[in-house]
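Peer 1: Dropping a prediction and its sequence here:
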Amino acid sequence: MAVFRNAINADNIPVFKQFYRIFQGELLYKYLLCWNWTIHVEVWSMVMPVLRNTVGVRNPFALAEAKLGKEIDWCNTSAEKKRELIERAFGASYREIFDPRNTNPTFIHPVKSGSGDPNQCDAAIVRSLITGWGKNPLGNIYNEPVGSYGAFDDPVQGALSDCFFIAALSSIAFASNTCQRFFVDIGGSPVTLTFWDGFVNKNGVTYPTVSRTVKVANDHFPLGKNGKLVFARSNTPEELWIAMYEKGYAQWKCGGGSIDEPDYSKLCLGNPVTALANITQYKYSAESVFDTTAFAGDPTMIYTTLAKACDGATKKYPYDRKTYWPAVAYTYDSTALPYSNPTIVRNHSYSILGVHGSGADRYIVLRNPWGQVPPSAILDPALLDKNRCLLDAQGNPVICYGDPNLGPDVLSTKIWRGITNLAEPNDGIFGLHVNAFQKYFQGFGWVFT
């Protein structure tokens with residue numbers, strides 16, 4: 001965008017506000033100088049935000065199975081029982097486990113902002129979760145039905161903090177442009193997979209230029225104490241494609257080739273936008289990657305911006321649109337925000353499936369790669385105000401529980417495009433109000449050809 005300079009008289013402040021509303025969703029740098037009742041606005045070219053490569057938390061459901069040494073049918077387990085099992089596995093209260101302010105390295109969150117939990121990334125700790133290597137005991141088909149493409153609701157993160165990669169797999173399997181270009185049924189063993197890096201930036205567009213292939217055996221995966229896959233797995237238990245891509249990505253991170261037992265700790269932390277490009281060879285730019293701080297003045301522009309990455313609206317679903325380009329989002333690695341409702345987890349990656357409108361409200365449709373929306377924490381009543389709202393340091397409501405008179409619901413309970421009930425916890429899919437998305441998520445973006 002060329003440099004824009006204009007002087008607006010103080011009597012024309014509404015004009016400036018209109019200019020700001022129009023451009024705010026795209027501008028990443030604004031300079032405002034008030035002097036002698038004149039406002040000078042200077043707008044520089046769009047600058048792509050830095051993609052933080054320390055995003056990653058473990059799946060507490062998979063980690064609980066690893067710790068307890070048993071397979072758990074989470075989809076047929078009540079919310080109360082889920083809390084009980086996770087508490088037993090971690091040896092602490094459910095609320096404490098998900099409290100971003102804790103410093104216990106055995107919990108979900110990193111020890112301090114920006115660092116990543118050294119225990120979850122330590123190679124010896126990761127190896128300790130593996131009790132052996134072998135076939136998936138639940139089956140050995142690439143995907144189901146045979147001859148189809150990988151389904152977006154199949155990728156489930158395991159006991160490894162590679163949420164950024166699993167979220168990317170799900171986004172690619174869902175988006176209209178990529179859902180039938182990738183993860184096609186592959187027979188035989190080993191399977192050759194290709195990943196991309198060597199990123200260059202040309203004319204504001206970043207794209208990978210270097211490819212490396214790996215050969216992945218389909219009968220040699222890391223297993224846990226329960227004898228099942230300890231890391232990535234499928235919601236269709238007999239499927240292998242997610243585990244094969246994760247293993248291939250680990251081999252690629254270890255230098256490529258056909259390493260049969262790669263170091264999975266190499267996948268510990270990353271960024272989901274980069275993972276999209278690693279898998280697809282697609283590119284991204286300042287027009288497809290954003291910091292949410294750019295939308296502080298009007299969070300509804302996040303809905304408008306993401307709609308650019310979606311299929312066109314239909315008569316049946318005028319406000320509900322699914323992604324055309326694979327899109328992802330990630331939260332802050334911060335103890336300052338009260339990530340005490342486990343629906344939104346600190347330093348975590350999510351797939352973006354599309355946008356959703358309900359009346360005047362706008363939502364972003366997300367999928368947690370855990371394959372579950374965790375049960376809400378049972379909050380101490382002392383932490384809530386009279387309207388059952390959790391307040392921030394300034395006394396403003398952040399998350400409100402159970403009062404329909406408080407205005408927009410933070411989470412949608414509607415049916416989205418006939419695909420899913422956004423209130424269903426056992427598929428990991430939920431609709432988050434744009435106001436909450438802008439506050440709790442640090443960045444989002446998509447890749448394109």
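Peer 2: Sure thing, it's come through. Numbers count the residues shown, from 1 in each chain.

Peer 1: Which SSE is immediately downstream of the helix or strand containing Thr194?
Peer 2: Per DSSP states H and E, Thr194 falls inside strand 191-202. Toward the C-terminal end, the helix or strand that comes next after strand 191-202 (DSSP H and E) is strand 205-216.

Peer 1: Residues touching stretch 122-142, excluding its own?
Peer 2: 66, 119-120, 159-160, 185-187, 218-225, 227-230, 233, 237-241, 243-244, 260-261, 263-265, 268 (CB atoms under 8 Å, 6 or more residues apart in numbering). For glycine as for every other residue, the C-beta is placed from the backbone atoms N, C-alpha and C.

Peer 1: mind listing the helices for this structure?
Peer 2: 13-23, 60-68, 79-90, 94-97, 118-121, 123-128, 163-174, 241-253, 272-280, 300-307, 434-440 (DSSP state H).

Peer 1: Tell me which residues of the fourth one come out buried.
Peer 2: Of the residues in helix 94-97, those buried under the neighbour-count criterion (16 or more other CB atoms under 10 Å) are Tyr94, Arg95, Ile97.

Peer 1: To Met48, which of the helices of the chain lies closest?
Peer 2: helix 272-280 (10.2 Å; CB to CB).

Peer 1: For that closest one, which helices and strands make contact with it?
Peer 2: With contacts taken as 3 or more CB pairs under 8 Å, 6 or more residues apart in numbering; DSSP states H and E, helix 272-280 sits against helix 163-174, strand 191-202, strand 205-216, helix 241-253, strand 284-285, strand 321-331, strand 441-446.

Peer 1: Now do it: distance to the chain's middle.
Peer 2: Offset of helix 272-280 from its chain centre (CA atoms, centre = their mean, to the nearest Å): 12 Å.

Peer 1: and that helix, average pLDDT?
Peer 2: Averaging pLDDT along helix 272-280 yields 98.

Peer 1: and the angle for it with strand 441-446?
Peer 2: Going by axes from the mean of the first three to the mean of the last three CA atoms, to 10 degrees, helix 272-280 is angled at 30 degrees with respect to strand 441-446.

Peer 1: now helix 272-280 and strand 205-216, what's the angle there?
Peer 2: Relative orientation of helix 272-280 with respect to strand 205-216: 60 degrees, computed using the same axes, to 10 degrees.

Peer 1: Surely Ala79 is in contact with Gln372?
Peer 2: No - using CB atoms under 8 Å, Ala79 is not in contact with Gln372, being 10.4 Å away.

Peer 1: neighbour count winner among the two?
Peer 2: Set side by side, Ala79 and Gln372 show more neighbours around Gln372, with 21 against 12, by other CB atoms under 10 Å.

Peer 1: Look up phi and psi at that one.
Peer 2: Backbone torsions for Gln372, taken as degrees, to the nearest 10, come to phi -140, psi 150.

Peer 1: For Ser412, which residues are in contact?
Peer 2: Ser412 makes contact with His356, Ser358, Asp361, Tyr363, Leu422, Ala423, Phe430, Gly431, Leu432, His433, according to CB under 8 Å, 6+ apart.

Peer 1: now swap in Leu68 and tell me
Peer 2: So Leu68 contacts Leu85, Arg88, Ala89 (CB under 8 Å, 6+ apart).

Peer 1: Pull out the buried residues from the contacts of Ser412.
Peer 2: Buried by 16+ other CB under 10 Å: His356, Ser358, Asp361, Tyr363, Leu422, Phe430, Gly431, Leu432, His433, out of the contacts of Ser412.
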